[in-house]
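Chemist: return atomic coordinates for the entry below.
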Amino acid sequence: MATTEVDIKKLLEAGAHFGHKTARWHPKMAPYIHSKRSGSYIIDLTKTVDELNKALDFLTQTVAEGKQVLLVGTKRQAKDIVKKLAEDTGMPFVTERWLGGMLTNQKTIGGRIKYLKDQEAKLESGQLEAKYNKLEVQRFKEEIERMNFHYGGIKNMHARPGAVFFADVLHDATGVREANKLGLKTVAIVDTNADPTNINYPIPANDDAIKTIQLIADYVKQAIDTGKTKVKKPAKEVEGTK
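Modeler: The predicted structure is shown next:
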């Protein structure tokens, strides 16, 4: 039974059923297509509800196990929504360009993040100001800002997230490939022009409509929040320290 209740009427109101033009479709999305209208495919929202429920249950379970969910949405319509979702849930995120190796090249990416954290710590403690002049300190600040633009969302991510959520599988195809290469579980909004078999938990829906992305993000937030309430506390914390 789903821990987060999905409302099909809200999906309809958000335009989640509107797919792409029939000329731009992926045959493997056929099971999720209801009909054609004015040259475009219409997604079967009963299937969307079923798949979304499965995805939300999985996300709740993942978070309940104490694991993180990496939230990804770099397309224009999704980035602000995904960033707000990450801020509200405390989960790692990528909302700017996906850098190749972000998941698969942990040695390089981990080194850059360590350097970023070290520089931030030195700036906060006053070490940089004590050692360098104002112009040099300003350059360090600009470097930190640039690095946060690219790595800020994942600098507190564990080595391996428990799951990766994508707002658009085609726009962030590199991220999908990296997650699949590592065997990470994936959840994603999948429109009629994408291959759902590349995703463990595909959510058939309109991935261009801001209202649809926002609605699904709201459901994801509920699932994550529910998972947090189910995280098992360490035995000492439950019993009380002596």
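Chemist: mind listing the strands for this protein?
Modeler: 18-21, 33-37, 40-43, 69-72, 93-94, 163-166, 185-190, 201-204 (DSSP state E).
Chemist: let's have these in TSV, adding mean pLDDT, mean neighbour count and distance to Leu11.
Modeler: Just so you know, the C-beta spots here come from the backbone N, C-alpha and C atoms, and that holds for glycine as well. Shown next, in TSV, are these (pLDDT from 0 to 100; neighbours: other CB atoms under 10 Å; distance: least, CB to CB, whole Å):
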stretch	mean pLDDT	mean neighbour count	distance to Leu11
strand 18-21	93	19	11
strand 33-37	93	14	12
strand 40-43	96	20	9
strand 69-72	98	28	20
strand 93-94	97	26	24
strand 163-166	98	28	17
strand 185-190	98	26	12
strand 201-204	98	26	10
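Chemist: which of these sits closest to Asp225?
Modeler: Comparison of these against Asp225 by CB to CB identifies strand 69-72 as nearest, at 11.6 Å.
Chemist: just to revisit the earlier point, got the strands of the chain as CSV, with distance to Lys232 columns?
Modeler: Listed next are the strands of the chain as CSV, based on distance: least, CB to CB, whole Å:
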stretch, distance to Lys232
strand 18-21, 41
strand 33-37, 41
strand 40-43, 37
strand 69-72, 18
strand 93-94, 25
strand 163-166, 18
strand 185-190, 20
strand 201-204, 23
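Chemist: out of those, flag the one nearest His150.
Modeler: Between those, strand 93-94 lies closest to His150; by CB to CB that is 9.1 Å.
Chemist: in this protein, which residue is closest to the centre?
Modeler: Compute the mean C-alpha point of the chain, and by CA atoms, centre = their mean the closest residue is Leu71, 1.6 Å away.
Chemist: please name the nearest non-neighbouring residue to that one.
Modeler: Phe93 (4.4 Å; CB to CB, 6 or more residues apart in numbering).
Chemist: low-confidence ranges in the protein?
Modeler: 1-3, 234-242 (pLDDT under 70).
Chemist: what about 80?
Modeler: Low-confidence segments of the chain, defined by pLDDT under 80: 1-4, 159, 233-242.
Chemist: ok, what's across the strand from the residue nearest to the centre of the chain?
Modeler: Phe93, Phe165 (DSSP bridges).
Chemist: got a list of what it touches?
Modeler: Counting by CB atoms under 8 Å, 6 or more residues apart in numbering, Leu71 makes contact with Val82, Leu85, Ala86, Thr89, Met91, Pro92, Phe93, Val94, Phe165, Val220.
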